[in-house]
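Engineer: Here's a sequence, model it:
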Amino acid sequence: MHQQKHRTHPASPFASASSLGCLVLLVVLVVISIAMILLAAWQKDFTIANLDKCGHGTVTPTTNLLPWAVCHVRRKTTNSQFIYGYGRQDVTYPHADPAGGFDKVLKILYPKNSINPKSGRVGGLGFYTSHVPLAKEGYVEYEVYFPEEFKWVKGGKLPGIYGGGKNECSGGDKALDCFSVRLMWRASSVGETYLYVPRTEQHPSLFQYPPRTIADPTYGISLGRGGFKFRNDWNKVGIYVKLNTVGNQDGLLMVWIDDVIVVEFEKMVYRTLEGVQVTGIMFDTFFGGSKPGFEAAEDSVTYFRNLYLAATMPERLLR
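Structural biologist: Next up is the predicted model:
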């Protein structure tokens, strides 16, 4: 019997090309899938590239930013994502929860006679974050605790949110290329929203916002003074801004205290320039004002916990 030899046929060039084409198509599909996943994540999260020494690389709406921020305060960091302002010597972290809880909290001291830090009599804490990617809306949330013995005096600033090309928008700024939304406490624990926005562009109803709105000729706008009060306990603050379309009075401002809405205004003008976007957190707390009578009456403290930043308001606040 003759043993039949099996011949090895060379691979078809068409088969090779087909296999290569399938491989290329697979790679393209994988790349597209990854890009779509990253895009979806980007719409919900803020990626911070420069957190290597102080925290996580990605900020989600449930990332507590206080540990990261305190780390940079201690380092007096100033870079593209964090700008240290003042108050490094007046913070203690971590500190025990004054209400007896288990959270690590931030204690902030306002020494007696301290006032607006630009006066040189520094008290409180100031820093700015800048890691929102060209956003037209933003939400900041935190909790602040006022002890029973807290002396409210004439008032003081609390953190908020800001936008524009500057590191801050306060202290008498005309707010032509920036904006800021903070809260203030006033005498007897009365609360208000404190605005730096382009004043001459506002809808007239802004200045009639109840129960009382005051437009200081030099400084900011005290919106809705007396519409809420702070408790000598933990107070949860939520601030949401949605920028106006340039040329229109259609911006949105919403403020919550303990998840109860206390301010809502739908005709806000935050900007007159397209380049003004939401930038990040304006963590600014001190006694003042800058006029005599605003000084801390004694060594005073507040406590903060659970500092969050998100691209939009939490679902629990949607109505």
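
Engineer: Would you map the strands across the stretch 201-319 of the chain?
Structural biologist: Using DSSP state E, counting those that start in this stretch, the strands of the stretch 201-319 of the chain run over 214-215, 221-229, 234-242, 251-257, 260-268, 278-285, 300-310.

Engineer: Which neighbours in the sheet does the shortest one have, and how are they oriented?
Structural biologist: Within its sheet, and counting by DSSP bridges, strand 214-215 is paired with strand 221-229 (antiparallel).

Engineer: For the strand it pairs with, which residues meet the burial criterion?
Structural biologist: Ile221, Ser222, Leu223, Gly224, Arg225, Gly227, Phe228 (16 or more other C-beta atoms under 10 Å). (Glycine included, C-beta is placed from N, CA and C.)

Engineer: Check stretch 198-205 too.
Structural biologist: Buried, per 16+ other C-beta under 10 Å, within stretch 198-205: Pro198, Arg199, Glu201, Gln202.

Engineer: again with stretch 205-225
Structural biologist: For stretch 205-225, by 16+ other C-beta under 10 Å, it's Leu206, Tyr209, Thr213, Tyr219, Gly220, Ile221, Ser222, Leu223, Gly224, Arg225.

Engineer: Do I have it right that the third one meets Gly220?
Structural biologist: No: using C-beta atoms under 8 Å, Thr213 and Gly220 do not qualify as a contacting pair, with a distance of 11.2 Å.

Engineer: before we move on, the earlier item: which one of the buried residues of stretch 198-205 sits closest to Arg271?
Structural biologist: Pro198 (7.1 Å; C-beta to C-beta).

Engineer: Could you tell me how far that closest one is located from Met268?
Structural biologist: With distances taken as C-beta to C-beta, to the nearest Å, Pro198 is found 10 Å from Met268.

Engineer: Going by distance to His72, which of the buried residues of stretch 205-225 wins?
Structural biologist: Set against His72, the nearest of the buried residues of stretch 205-225 by C-beta to C-beta is Gly220 (26.3 Å).
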